[in-house]
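Give me coordinates for this.
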Amino acid sequence: MTERNQSVSVKQLRDVVALGKKYSKTAFPNPTRDGCPNFSTLRAMAYRDQRLSLGDLPVSHVVSCSPCFQEYARLRRMSVLTRGIQVTTASLVVLAVLFASVRFVWNYTRARGEPSISHEHRSKPQPSVATQQAPPRIAPLALTVNLASFSPTRGDQAKDSAKKIHLPPKLLRLSLLLPVGMEPGEYALRLKDSVGTVLKDTHAPGRLSDGITSVEVDLDLTATSRGSFILMIRPPGLSWRTFPVLVEGGA
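The predicted structure follows:
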């Protein structure tokens with residue numbers, strides 16, 4: 001017989017092992033469990049406990065006792081599954097740490113590199129188009145208007161009054177000193193033109209200082225045509241009060 005004929009293939013070995021396992025599962029019934037090792041010994045054997053020597057393992061009994069063999073096979077499957085979960089978890093932890101380290105190094109390198117890039121950009125002359133900037137925003141003109149000296153009217157329509165609030169056609173920040181009796185709180189403010197078009201509709205808090213309640217509001221009258229307007233103010237819980245406004249003068 002040649003050496004090639006004497007060799008055994010991997011498939012043949014697997015078939016022999018599978019046949020042995022199948023045979024051991026049912027060929028040795030032991031209903032009274034005579035001489036069977038306890039559960040902890042079978043579990044230690046299945047989990048490959050390093051504290052047990054080869055002489056401590058009941059190998060010969062397990063392969064000749066079908067109940068013990070089936071219990072051992074079940075514990076062995078659990079051991080392999082647990083080991084797989086542990087390996088997978090450890091791998092995920094390692095990957096997470098590696099990812100966090102790479103991300104940290106990347107952010108650190110990028111942060112250190114940004115100043116030099118910014119400096120490089122600042123040192124280079126920019127094209128004339130790129131250097132053009134938007135014109136600076138004009139600060140609003142602060143005006144204080146004492147409404148206590150005006151005669152307000154109630155309702156949505158203002159009556160003719162000899163005295164009016166004169167305002168320039170500019171971006172304004174009005175500080176309105178309200179008539180006596182107006183309490184602090186949330187005020188509604190509205191500006192209408194002569195035909196009733198609402199140009200400004202907002203709310204502002206009324207603040208009390210030295211016995212006088214004041215309200216601050218921004219009005220942009222730069223694109224407003226000159227003429228008569230109506231400033232409407234509604235105190236908290238009360239009806240509207242109107243004050244005549246005249247926009248005049250140069251921009």
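
pLDDT averaged over the one helix or strand Leu246 maps to - what is it?
For Leu246, the host element (DSSP states H and E) is strand 241-247. Mean pLDDT, strand 241-247: 91.

from the chain's centre, how far out does it sit?
Centroid displacement of strand 241-247 relative to its chain, using C-alpha atoms, centre = their mean, to the nearest Å, is 47 Å.

Strand partners (parallel or antiparallel) of that strand?
Paired neighbours of strand 241-247 in the sheet (DSSP bridges): strand 153-154 (antiparallel), strand 165-167 (parallel), strand 227-234 (antiparallel).

which residue packs closest to Ala46, ignoring adjacent ones?
Of all residues not flanking Ala46 in the chain, Leu75 sits nearest, at 3.6 Å (C-beta to C-beta, 6 or more residues apart in numbering). In short, each C-beta sits where N, CA and C put it, glycine included.

is it true that the one you found lies in a helix?
Yes. The assignment for Leu75 by DSSP: H, G, I helix; E, B strand; the rest coil puts it in a helix.

Tell me how many other residues surround it.
Close neighbours of Leu75, defined as other C-beta atoms under 10 Å, add up to 17.

Same question for Gln86.
10.

what about it, distance to Val93?
Plainly put, Gln86 is 11 Å away from Val93 if you go by C-beta to C-beta, to the nearest Å.

what's the answer for Thr242, then?
Distance, Thr242 to Val93, by C-beta to C-beta: 73 Å.

who has more neighbours, these two?
Using other C-beta under 10 Å, the more surrounded residue of Thr242 and Val93 is Thr242, with 21 against 10.

got the buried residues for stretch 168-180?
Pro168, Pro169, Lys170, Leu172, Leu174, Leu176, Leu177, Leu178, Pro179 (16 or more other C-beta atoms under 10 Å).

mean confidence for stretch 68-88?
Confidence for stretch 68-88, expressed as mean pLDDT, is 85.

Thr32 - how many residues pack around it?
Neighbours around Thr32, by other C-beta under 10 Å: 8.

any low-confidence regions in the protein?
Within the chain, the set of residues satisfying pLDDT under 70 comprises 1-24, 113-136, 151-162, 250-251.

Please enumerate the helices of it.
3-6, 10-26, 39-46, 59-63, 66-123, 128-131 (DSSP state H).

Any idea how many residues pack against Val97?
Val97: 10 surrounding residues under other C-beta under 10 Å.

I am finished for the moment; much appreciated.
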